[in-house]
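Student: Got a predicted model here, sequence first, then my questions.
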Amino acid sequence: MSVPDTVTATGRDDRDRVSTPGMLGRLGSAMVARRRWVFGVWLIALVALGSAAPSVFSSLAGAGWQANGSESVQVRELAQQHFGGNSSAAVQVVVHSDTASIDDPTVQQRLIDVTAVFDGDTRFGAVIAPQPGMTISPDGHTGILIAGANANTDDMVKAVDDVKDELTALSGDGIEVYPTGSSALWSDFNKANHDAMIQAELFSWPVTLAIMVLAFGSLVAAGLPLLLTVAGLVASAGGLVLLNEVTPISVWAMNFAMMFALALGIDYALFIVARFRDALRTADPRAAVAETMDTAGKAVILSGLTVLVSLSAVLLVPAPAVRTMAVGIMLAVTFVLIATMTLLPATLGALGPKVNAASLPYAKRQQHRSPKFAAWGELLHKYPWPFALVSVGILVALALPVLGLKVAMPSIAVVPDDAPVRQGYELVQAQFGDGAPGALQIVVPSSDAAATAAAASSVDGISMVTPPTPSTDDSNYTLLQAFPAVDPSSEAMGTILGDLRAQLPESALVGGAPAENLDLQQALNDYLPLVIGIILALGFILLLVALQAPLIAILGTAVSLLSTAAAFGVAKLIFQDGHGSSLLGFTPQGFLDGWGPVFFFAMIFAIAMDYTVFLLATAKEHYEKTGDPKAAQVDGLAHSGRVIFAAAAVMVAVFFTFALSDPLPPKEMGIILGVAVLLDAFLIRLILLPVLLRLSGHAAWWAPGWLRRMLPSIRFSH
């Protein structure tokens, strides 16, 4: 292929460049030449990993929402070890009758039946019958039976999964039976979210296919991204099951992995397939694949690395569930990248011109250089300031509410109204008081037990402290339970816990489910600035290496941060303030779920940088060819605008299908990510970033010689 006879921004004459493929081009060409081997290896890998994939949701861990090393986790471990498993992970079974009291023979028989459910299961520890003055309600019609936790929190959630249907089946004849407690909460919570995620995924597939058919105008070309996504999904599901054998992986990891494999798999395939179809006009299939991988493939690799490094910062947070969610997405992205670099080139080389088979009539007139986006680029070039001011004004206005954002761990409202754990929770509150479902546990040396009980009783917001319970072994520990006077998810719980820890003897440790939530929230808050700083720094470094230009790397990072802030501002308006809640079908909690800022920031920033790399890599390619900043801006938009538009439409469709879920967390996830993509693709990538290229001109692509000598040589022109 011929190249323009110009001097590029790097100072090297393009006539000196050879037209032989680069490393990625040679890789793509090798995949085409050895496509039978590629298909064979992928088939074996998918069969092997696919055999494990069906068990992914039953195999993965159900808990892990804790701050490792925190005081509350120490209390849970001590309670489990020395008090027959009567920890926050214990299962509480609420037995209630409107007509009969707890000492009635029929209710007593039902309690015996409940106890029998736990017999023989080594995951459950000692079973404690309802106790007067503690776990029997003042009117005598409600009792709480406690089955101790004799396993880790993940196994306890699985244990509840196994027995909850048997327990709820004991309801009848005017007697209600509901399993409650932290383990039961995560059991019902995970099931509701799993069902919602599957439903959303199934709904999103036909919508996605329709968008891609419209974007490509060809059924074959539109089907390739789905092929890539299926391969990535199956591989990542099987990979998570195998990884779970080494270390517990949260079931939420698969939920997020499904979403990202679908969104990014389609994103990358769109970019590659669009470029391949253009290259086919002037080259044979193998050469077209080489050209595609040297240009679009390079952008995909850099985009994938950006996603991976952004999510890697989340691994710093000492919460197993949060860490493994990041691991799940990183594994899915890795498999999608491998498939993009191997399976997709081999498939494109095998198809050749047949990639355009089953085309719609308008597709035959479609060009890779979109005249409409070229005209849009010209308009932005002619009138940069009005567009810059409007887009920045909208983004800043949407970002301002983030200053009032509140975060907290989810309340019982995140599970459906008819979930057994919620029915039991509300029954306990009605019979025992608002704070009864969230008892705080205090473990203290026996010598300090009396002083601890007296101090705990005097703390504002504590309604009752149970008598000291000695350990079941020979240890010198005593357990007390302090019942708050407020709902466990109330803002006042933080103050109560802080006062309790401050006023008790130094030897006393305070835990319990509310304390575990608050300790986790504190850890998330503490690590948020560090995570954000690392993500921004790594994102800038990757852009700098990719584009070889400090100014555009700074601008690309800054505008990604702006769109992320705007997405969180919208999240505050919807989920904290409740705007549109009736339309979306949920009751606002008055805050955003506590893991949202850390995790969603990483996800949103990764997606934002994904589009940044696609647009700027294309613009850099045209600047390298021409040395003209206008050509870089206009042609960069003309060649990538349609792909960015289509990819954003797919991502928005995928994410917004999760907004149809009943549980609140998938709804939050879908709406926040969907809004982020919407804002980022249309206000940033298709308006603000091209305008910044226009305003900065040659300076956007300039780098001092010393910096250019330090950086690896990366070029996008072919």
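Tutor: Cool, the structure landed.
Student: How about the contacts made by the residue nearest to Phe373 when sequence neighbours are not counted?
Tutor: Leaving out its chain neighbours, the residue that sits closest to Phe373 by CB to CB, 6 or more residues apart in numbering is Gly641, at 3.2 Å. To be clear about C-beta, it is placed using only N, CA and C from the backbone, and glycine gets the same treatment. Neighbouring residues of Gly641 by CB atoms under 8 Å, 6 or more residues apart in numbering: Ser370, Lys372, Phe373, Trp376, Gly377, Leu686.
Student: Return the member of those residues nearest to Leu60.
Tutor: Proximity of those to Leu60 (CB to CB) peaks at Leu686, which lies at 38.4 Å.
Student: Just give me the neighbour total for that closest one.
Tutor: 24 (other CB atoms under 10 Å).
Student: Now do the same for it: its pLDDT.
Tutor: On pLDDT, Leu686 comes in at 92.
Student: Val241 versus that one, what's the distance?
Tutor: 40 Å (CB to CB, to the nearest Å).
Student: Tell me the spacing between the residue nearest to Phe373 and Ile552.
Tutor: Plainly put, Gly641 is 18 Å away from Ile552 if you go by CB to CB.
Student: residue nearest the centroid of the chain?
Tutor: Centroid check for the chain by CA atoms, centre = their mean gives Phe256 as the closest residue, at 4.8 Å.
Student: Is Pro712 part of a helix or strand, or is it coil?
Tutor: coil (DSSP: H, G, I helix; E, B strand; the rest coil).
Student: residues near it, how many?
Tutor: Using other CB under 10 Å, Pro712 has 7 other residues around it.
Student: do the same with Gly705
Tutor: 8.
Student: Repeat that for Gly533.
Tutor: A count of nearby residues for Gly533, using other CB under 10 Å, gives 11.
Student: what do you get for Asp434?
Tutor: 17.
Student: Also Pro420?
Tutor: Around Pro420 there are 24 other residues, counting by other CB under 10 Å.
Student: if we can go back for a sec, output the contacts of Gly641 in a markdown table, with distance to Leu547 appended to each entry.
Tutor: Listed next are the contacts of Gly641 as a markdown table, based on distance: CB to CB, whole Å:
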| residue | distance to Leu547 |
| --- | --- |
| Ser370 | 23 |
| Lys372 | 26 |
| Phe373 | 21 |
| Trp376 | 22 |
| Gly377 | 19 |
| Leu686 | 19 |
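Student: how much space is there between Ser250 and Ala319?
Tutor: 10 Å.
Student: now Leu440
Tutor: Distance from Leu440 to Ala319, by CB to CB: 20 Å.
Student: These two: which is more packed in?
Tutor: Shown here are Leu440 and Ala319; by other CB under 10 Å, Leu440 has more neighbours (29 against 25).
Student: for the more buried one, what are its contacts?
Tutor: 462, 481-484, 496-497, 500, 510-512, 514-515.
Student: what do you get for Ala257?
Tutor: Here Ala257 is in contact with Leu233, Ser236, Ala237, Leu240, Gly328, Ile329, Leu331, Ala332 (CB under 8 Å, 6+ apart).
Student: Dump those to TSV, plus pLDDT and distance to Leu389.
Tutor: What follows is the contacts of Ala257, written out as TSV (pLDDT from 0 to 100; distance: CB to CB, whole Å):
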residue	pLDDT	distance to Leu389
Leu233	85	42
Ser236	90	43
Ala237	89	46
Leu240	91	46
Gly328	90	41
Ile329	89	36
Leu331	92	42
Ala332	90	39
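Student: And the strands in the stretch 451-600 of the chain?
Tutor: Here the stretch 451-600 of the chain has its strands, by DSSP state E, counting those that start in this stretch, at 462-465, 469-470, 477-484, 509-511, 592-593.
Student: which one is Val322 nearest to, not counting chain neighbours?
Tutor: For Val322, the spatially nearest residue (CB to CB, 6+ apart) is Trp595, at 5.7 Å.
Student: The one you found reaches Ala523, doesn't it?
Tutor: No - using CB atoms under 8 Å, Trp595 makes no contact with Ala523, being 10.3 Å away.
Student: which neighbours do these two share?
Tutor: Here Trp595 and Ala523 share the contacting residues Ala319, scored by CB under 8 Å, 6+ apart.
Student: Quick check: the gap between Ala53 and Ile211.
Tutor: 26 Å.
Student: Next: Gly84.
Tutor: From Gly84 over to Ile211 the distance is 56 Å, taken as CB to CB.
Student: can you check Trp37 too?
Tutor: Distance, Trp37 to Ile211, using CB to CB: 33 Å.
Student: out of the two, which sits in the more crowded spot?
Tutor: Ile211 (23 against 12).
Student: which stretch of helix or strand covers that one?
Tutor: helix 182-216 (DSSP states H and E).
Student: residues of that helix that come out buried?
Tutor: Neighbour-count burial for helix 182-216, counted by 16 or more other CB atoms under 10 Å, picks out 182-194, 196-197, 199-201, 204, 207-209, 211-213, 215-216.
Student: same question, stretch 519-531
Tutor: So, applying 16+ other CB under 10 Å, buried residues of stretch 519-531: Asp519, Leu520, Gln521, Ala523, Leu524, Tyr527, Val531.
Student: Output those residues as CSV; include the columns pLDDT.
Tutor: Putting the buried residues of stretch 519-531 into CSV (pLDDT from 0 to 100) gives the following:
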residue, pLDDT
Asp519, 96
Leu520, 95
Gln521, 94
Ala523, 95
Leu524, 95
Tyr527, 95
Val531, 95
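Student: Name the nearest of the residues you listed relative to Val309.
Tutor: Using CB to CB, the buried residues of stretch 519-531 come closest to Val309 at Val531, 11.9 Å.
Student: Kind regards, and thank you for your time.
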